[in-house]
Structure formats: structure tokens, C-alpha cells
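Trainee: just to be clear, the model below is a prediction. Sequence and coordinates:
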Amino acid sequence: MPNTALWCLRLSVALQCFAAARIAWVAGSAVNGWLFMRAGLPEGVGSVTDQIAAIILLLVSASALFRPERILFLLGAAWMLAIALATFFNPGTTSDSLALCSHAVRIAAPLCLAIALPNHQAKLFGTITPSPTALWILLVGTAATFTAHGVEALQHYGRFVDLLIGSGQLLGLTLSQSSAESILTGIGLHDLLLVILLFSRRWRGIAGWMAIWGFATALSRMTTMGGDSWHQTAVRVANGGAPLTIFLAWSQLRPSTSQSRRP
């Protein structure tokens, strides 16, 4: 994977894990809720689990920026998977039937980074041979998240309606619920079309647009709920960071490399 793409991925993982650490330490994670509500464990067990996870996630964030360590990225991916599973299996609070797909890119980002890392630290500052496996993981994770968001938009997911109305107010637009739902239908079709084009054509431009759109949708948490919700945006940074990494990786492949060989 080219160095610029690797750095994009490192920055995305660092910011995502820092935000996830803040959520676990301050507000409590979905894992905390599952341990208390479904597993029937004392509330203190969930709190301690969150605190330990927050410390590990801070180490993952620092590692991504300064000294990448494969084992830490694997732990970061494992925590993101645990959050997705807890969200899926915790009815009555944050239950979401598409959680594993909608969280897929958050899991894929640190997992891809763990696989893409060179065996020797010195190689981090040179051009790294593209890893088809790593890029495939990122590609599938990105596609799964965009597919889930597209389906949720077509279903007029309540949170998405609120985000659209809230973001519209910031721009001076007043959207009714019916108008927001109509826009969401278009957004859902747009997201699904992007996924189809990403796999069928492998155009760099599609990955680039998905990056812009992914960052915009993540930013909608702040435009709707204010700057204090920065962590809700930051934890979703891979929504844009992952397709941007794909864009950079595809852009820097040798021109002689045929498009059909791209992961």
C-alpha cells in the first residue's frame, strides 16, 4: 500500500479509536449496556470493561500515529466488532439489525492497517508494496457500511431523518418530515449505486466521491448536535477515511497495472 494511503488509514484509525475511547470512558459503550442488560452482570463490571477498553484504545490511537504495532490494531478491530455485536444483540436500547454492516468499516480500518503494516518499522517511511488482502478488507468494509446506510435511508431511519432536518436548519433550510424522507429515498439509492459502481467498475472517482460523502455524513452529527458531539463524528471518520485510502491506493498503483487486478 502506498505510503500516503497508509498514512490516511493511520490517521483515520487514530482518530476513530481516540473517539471510541472517549465514548467508553465518559458515556459508556454498547458493550457496557450488553453486559448489564443482557448478561446480567453488575454495572461495575461494564464500567471496568469500558475503562480498560478506553486505555487500550488510547494506546491504539497513539500507536497509529507514532509507532504502529500490529497486535494493538487487532485489539482495536476486536473492540469495534464487540461494539457492533453488542449493538445488534441489545434490544430495547441500541438494537440495530444492520449494526454489523453499518459498523463494518470501523472494524475493517484497524484490521486492514494490521495486515498492511510492513514487518520492519523502517519500511514505514518508504513505498510499501500494495496488499491485495488489506485493500479487499477495506473495500468490503466500505461497501458493507454504505449498503447498510443506503438500506436505512430507504427505510427512512428515524435518526437519519433527525440528522437531515437538523443539518438543514444549520443551512437555513426548513425541512418537513415528509421532505426529509423523500430526500432520504434519493440518498439511499445513491449509496447503493455507489457500492455497485465501486465493485463493478473500480473507478478511483467513485472511491473519491464516497470519501467526500462519508466525511459529510459523519460531520452531520456535529451540524445537528453541536460541537460537543465531536466524538460522534470522529468515531465515524473511517466512513470517509476508508474510501479515501482506497482512492489513494488505486491512484498510486502503476499505470501498467490493469484495472482488473485491483482488489
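Mentor: Everything's here; your move.

Trainee: so residue 12 touches residue 110, yeah?
Mentor: No: with contact defined as C-beta atoms under 8 Å, residue 12 and residue 110 do not form a contacting pair (9.2 Å). Placement of C-beta: from N, CA and C, glycine included.

Trainee: between those two, who's got more neighbours?
Mentor: Each of residue 12 and residue 110 has its neighbours counted (other C-beta atoms under 10 Å); residue 110 has more, 31 against 26.

Trainee: I'd say the more buried one and residue 13 touch.
Mentor: Yes: the pair residue 110 / residue 13 is scored as a contact, 5.0 Å apart, by C-beta under 8 Å.

Trainee: identify the contacts common to those two.
Mentor: With contacts taken as C-beta atoms under 8 Å, 6 or more residues apart in numbering, residue 110 and residue 13 have 60, 73, 76 as neighbours in common.

Trainee: ok, of the residues you listed, which one's closest to residue 117?
Mentor: residue 73 (7.6 Å; C-beta to C-beta).

Trainee: state the three-state secondary structure for the closest one.
Mentor: helix (DSSP: H, G, I helix; E, B strand; the rest coil).

Trainee: for it, which residues are in contact?
Mentor: Contacts of residue 73 (C-beta under 8 Å, 6+ apart): 13, 60, 63-64, 110-111, 113-114, 117.

Trainee: mind doing that once more with 7 Å?
Mentor: By C-beta atoms under 7 Å, 6 or more residues apart in numbering, residue 73 lies in contact with 13, 60, 110, 113-114.

Trainee: what's the neighbour count on the closest residue in space to it that isn't next to it in sequence?
Mentor: Closest residue to residue 73 apart from its sequence neighbours, by C-beta to C-beta, 6 or more residues apart in numbering: residue 114 at 3.8 Å. Neighbourhood size, residue 114 [other C-beta under 10 Å]: 21.

Trainee: what's whichever strand or helix holds residue 114 packed up against?
Mentor: For residue 114, the element it lies in under DSSP states H and E is helix 104-116. If you count contacts as 3 or more C-beta pairs under 7 Å, 6 or more residues apart in numbering; DSSP states H and E, helix 104-116 packs onto helix 3-22, helix 70-88, helix 132-154, helix 238-251.

Trainee: let's have the ones you listed in TSV, adding mean pLDDT and distance to residue 187.
Mentor: Shown next, in TSV, are these (pLDDT from 0 to 100; distance: least, C-beta to C-beta, whole Å):
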stretch	mean pLDDT	distance to residue 187
helix 3-22	95	23
helix 70-88	96	22
helix 132-154	94	5
helix 238-251	94	14
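
Trainee: would you turn those into a markdown table with distance to residue 227?
Mentor: Formatted as a markdown table, those follow (distance: least, C-beta to C-beta, whole Å):
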| stretch | distance to residue 227 |
| --- | --- |
| helix 3-22 | 14 |
| helix 70-88 | 23 |
| helix 132-154 | 23 |
| helix 238-251 | 19 |
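
Trainee: which one of the contacts of residue 73 is nearest to residue 225?
Mentor: residue 13 (23.8 Å).

Trainee: please consider this matter closed, and thank you.
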